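In: missing the sequence, but the structure's below:
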């Protein structure tokens, strides 16, 4: 049995970067929702933080859906 260490390292690196990016994007969505609550408490506009949060969550959902698509096909 021969292990292709270069391919294994490549898969590990891409997985690590993808995971960090996805968690960071989701965290930005949660932060945007927190900013929405703070803006609502001060009587300000909540449209921009809510839109940003929904965009972050939609991007996360698309990334997860694409990953599932790659696994299934």
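Out: Looks like it came in fine. Since we're looking at a predicted model, the values are computed, not measured. Residues are numbered from 1 along each chain as shown.
In: At the geometric centre of this structure, which residue do we find?
Out: The centre of the chain sits closest to residue 22, judged by Cα atoms, centre = their mean, with a distance of 3.0 Å.
In: Return the residue spatially closest to residue 39, with its sequence-adjacent residues excluded.
Out: Leaving aside its chain neighbours, residue 39 sits nearest to residue 46 (5.1 Å; criterion: Cβ to Cβ, 6 or more residues apart in numbering). (Glycine included, C-beta is placed from N, CA and C.)
In: Ok, residue 57 next?
Out: Spatially, and ignoring its direct neighbours in sequence, residue 57 is nearest to residue 29 (4.8 Å; Cβ to Cβ, 6+ apart).
In: Tell me both backbone torsions, phi and psi, for the one you found.
Out: Main-chain dihedrals, residue 29, degrees, to the nearest 10: phi -60, psi -40.
In: What of residue 3?
Out: Dihedral angles (degrees, to the nearest 10) for residue 3: phi -100, psi 130.
In: can you tell me how far it sits from residue 22?
Out: Between residue 3 and residue 22 the computed distance is 27 Å (Cβ to Cβ, to the nearest Å).
In: contacting residues for the residue nearest to residue 39?
Out: Taking Cβ atoms under 8 Å, 6 or more residues apart in numbering, we find residue 46 in contact with 36, 39-40.
In: Check which residues of the helix or strand containing residue 59 are buried.
Out: Using DSSP states H and E, residue 59 falls within helix 47-72. Judged by neighbour count (16 or more other Cβ atoms under 10 Å), helix 47-72 contains these buried residues: 49-50, 52-53, 56-57, 59-60.
In: Would you mind giving the residues you listed as CSV with distance to residue 15 added?
Out: CSV is the format used below for the buried residues of helix 47-72 (distance: Cβ to Cβ, whole Å):
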residue, distance to residue 15
49, 31
50, 31
52, 27
53, 26
56, 21
57, 22
59, 18
60, 16
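In: re earlier: ok, of the contacts of residue 46, which come out buried?
Out: Going by neighbour count (16+ other Cβ under 10 Å), the contacts of residue 46 have 36, 39 buried.
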